[in-house]
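Undergrad: Here is my input; please provide its structure:
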Amino acid sequence: MANALAEQAAHLDSIGHHWSGRIAHNFFAAATALRSADAALAGREKPALSAATLYDLANTFTGHIRGSFDGPALEDLRTGRRYLEQAGNTFIHNGL
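TA: Sure, this is the predicted structure:
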């Protein structure tokens, strides 16, 4: 999963460059969180966040999803939420 997190972080960075304002910031924050989760799961550093933090970030995307987005924009938001939820689940599974 660790390598997948790094790939997901890069994907969210890429998506973030197609947005502006608060939503772009949220994609970049999510990418940073996934990189931190990757480092913690690989044992390269102590966890700087928790599963709860990852779920809180995922909820930020849920709030955007409830907005007036559709098509590719909606899929971008769902991707951000899904990656963060998966990372939170992995943290719990690994006892972090």
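Undergrad: residues near Asn59, how many?
TA: Each residue near Asn59 was counted by other C-beta atoms under 10 Å, and the total is 12. (Glycine included, C-beta is placed from N, CA and C.)
Undergrad: For the helix ranked longest in the chain, which outside residues touch it?
TA: In the chain, ranked by residue count with DSSP state H as the criterion, the top helix is helix 71-93. Applying C-beta atoms under 8 Å, 6 or more residues apart in numbering, the external contacts of helix 71-93 come out as 1, 5, 8, 11-12, 15, 18-19, 23, 26-27, 30, 33-34, 37, 40-41, 47, 50-52, 54-55, 57-58, 61-62, 64-65, 69.
Undergrad: ok, 7 Å please
TA: Helix 71-93 has contacts (C-beta atoms under 7 Å, 6 or more residues apart in numbering) with 1, 5, 8, 12, 15, 27, 30, 33-34, 37, 41, 50-51, 54-55, 57-58, 61-62, 64-65, 69.
Undergrad: ditto for stretch 42-55
TA: Outside stretch 42-55, the residues that reach it (C-beta under 7 Å, 6+ apart) are 2, 33, 36-37, 39-40, 84-85, 87-88, 91-92, 96.
Undergrad: Distance from the chain centre to that stretch, please.
TA: From the chain centre to the centre of stretch 42-55 is a distance of 12 Å (C-alpha atoms, centre = their mean, to the nearest Å).
Undergrad: avg pLDDT for it?
TA: Average pLDDT, stretch 42-55: 94.
Undergrad: circling back: mind giving me the ChimeraX select for the contacts of helix 71-93, buried ones only?
TA: Buried residues among those (16 or more other C-beta atoms under 10 Å), as a ChimeraX selection:
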select :5,8,12,15,27,30,33,34,37,41,51,54,55,57,58,61,64
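Undergrad: next one: phi and psi at the residue sitting furthest away from the middle of the chain?
TA: Distance from the C-alpha centroid of the chain peaks at Ser68, with 21.0 Å (C-alpha atoms, centre = their mean). Ser68 adopts backbone torsions of phi -100, psi 40, taken as degrees, to the nearest 10.
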